[in-house]
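Chemist: quick one, structure for this:
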Amino acid sequence: MTTSFNQPLGGNEMPRFGGPGTMMRLPAADSSDGLDACFVGIPMDIGASNRPGTRFGPRQIRAESAMIRPYNMATGAAPFDCMQVADIGDVAINTFNLKASVDIIAARYAEIFASGCIPLTLGGDHTLTWPILKAASGHFGPVALVHVDAHADINEHMFGEAIAHGTPFRRAHEAGALIADKVFQIGLRGTGYSADDFNWSRAQGFTVVPAERCWHRSLEPLMQIVRERIGDAPVYLSFDIDSLDPGIAPGTGTQEMGGLTSIQALEIVRGCAGLNLVGCDLVEVSPPYDPGGTTALLASNLLYEMLCVLPKSEAHRRKSGIADPLGERIF
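Modeler: Numbers count the residues shown, from 1 in each chain. As a prediction, this is how the structure comes out:
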């Protein structure tokens, strides 16, 4: 029996500025049942500590995704030829209650994981990763983590609160949701209150890769190490857009100079091919500070790249035998 997979609405069928407002103009679905992967939004900024606006992130990311085509010219991935994918809409958070929202998110993602679907999340502030990791560990057991960010997000408290966008990975570690020696934090930088702002992660067994170690370098060798150390463990990818330099991604709440490039971002995500990815997120896009849509455009493309490296997509790419889709290498 031939399976018919959902396809994004093409630009020759409907102008890019028209059609549905879903991610990549994919079909919408009410649930994750029957899907291999889904795009899901969490329109939230009530966990943010500085500039607000990430509640509008999912909508703008979807809008900027309209230009993305289904075939990945660089890697040869064709995710819509081998996976059933849809946009299942947004999680209905309680915008007046952060703690209630965390419970709502955890319950929604428990359903998604139980259905066998891999969620690709459009954020939303980084608080949301804690309940997702809680749900993931409840289904898979502790997970490995690739965390790309300017900040470690391991604060004990923020303004006396245990749950905020600067605390998710401390909460996840405390809850036993992470495999500590398989956690990689990439792109950390900026100022802090003390050395412990990064050293707490190291003390737990996390691997910290400061942004300065990434400057002027390809990150392909780093991702080879990440793949070797994580092995076949279930792994979650959390990508904060403020990991990128504010010169290319200004639309976020807590900018730090000296960030990663968009090329390095692609190397990190593409370098996750071969890992047992069980979920991914792209967080902290704040459209009010992104007047040209550049930040949301980068975010939408990175989410597509995440889709391209999911296990089924990567297996299909390898089976297709496309070793170098760009043709013969000349240098």
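Chemist: rest of the way, CA atoms for contacts and neighbours
Modeler: Noted.
Chemist: now do the helices in the stretch 201-331 of the chain.
Modeler: Per DSSP state H, counting those that start in this stretch, the stretch 201-331 of the chain carries helices over the ranges 220-230, 262-270, 294-308, 311-320.
Chemist: what angle separates the last one from helix 294-308?
Modeler: Here helix 311-320 runs at an angle of 70 degrees relative to helix 294-308 (axes from the mean of the first three to the mean of the last three CA atoms, to 10 degrees).
Chemist: how about the first one?
Modeler: Angle between the axes of helix 220-230 and helix 294-308 is 50 degrees (criterion: the same axes, to 10 degrees).
Chemist: can you tell me the average pLDDT over helix 220-230?
Modeler: The average pLDDT for helix 220-230 rounds to 98.
Chemist: which parts of it are buried?
Modeler: For helix 220-230, the buried set under the neighbour-count rule, 16 or more other CA atoms under 10 Å, comprises 222, 223, 226, 227, 230.
Chemist: hmm, back to that, make TSV out of the helices of the stretch 201-331 of the chain and add distance to residue 147.
Modeler: Formatted as TSV, the helices of the stretch 201-331 of the chain follow (distance: least, CA to CA, whole Å):
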stretch	distance to residue 147
helix 220-230	11
helix 262-270	10
helix 294-308	13
helix 311-320	19
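Chemist: please work out which of those is packed deepest.
Modeler: A comparison of the helices of the stretch 201-331 of the chain by mean neighbour count, using mean count of other CA atoms under 10 Å, puts helix 294-308 on top with a mean of 24.
Chemist: which strands or helices does it pack on?
Modeler: Packing partners of helix 294-308 (3 or more CA pairs under 8 Å, 6 or more residues apart in numbering; DSSP states H and E): helix 57-64, strand 118-123, helix 262-270, strand 276-283.
Chemist: do that again at 7 Å, thanks
Modeler: Other elements packing on helix 294-308 under the criterion 3 or more CA pairs under 7 Å, 6 or more residues apart in numbering; DSSP states H and E are helix 57-64, helix 262-270.
Chemist: run through who's touching the last one.
Modeler: Spelled out, it's helix 262-270. For helix 262-270, the external contacting residues (CA atoms under 7 Å, 6 or more residues apart in numbering) are 218, 219, 220, 223, 244, 305, 306, 309.
Chemist: same check, this time on stretch 290-297
Modeler: Under the contact criterion CA under 7 Å, 6+ apart, stretch 290-297 has outside partners 60, 61, 64, 65, 249, 250, 251, 285.
Chemist: right, and residue 289 touches residue 253 too?
Modeler: No: shown here, residue 289 and residue 253 do not form a contact pair, counting by CA atoms under 7 Å, at 8.1 Å.
Chemist: identify the farthest-apart pair in the contacts of helix 262-270.
Modeler: With CA to CA as the measure, no two of the contacts of helix 262-270 lie farther apart than 244 and 309, at 20.3 Å.
Chemist: go ahead and flag the most central residue of this structure.
Modeler: Nearest to the mean C-alpha position of the chain, by CA atoms, centre = their mean, lies residue 281 at 2.5 Å.
Chemist: residues in contact with that one?
Modeler: Applying CA under 7 Å, 6+ apart to residue 281 gives the contacts 120, 121, 122, 237, 238, 239.
Chemist: most widely separated two among the residues you listed?
Modeler: Greatest spacing in those, by CA to CA: 122 and 237 (12.6 Å).
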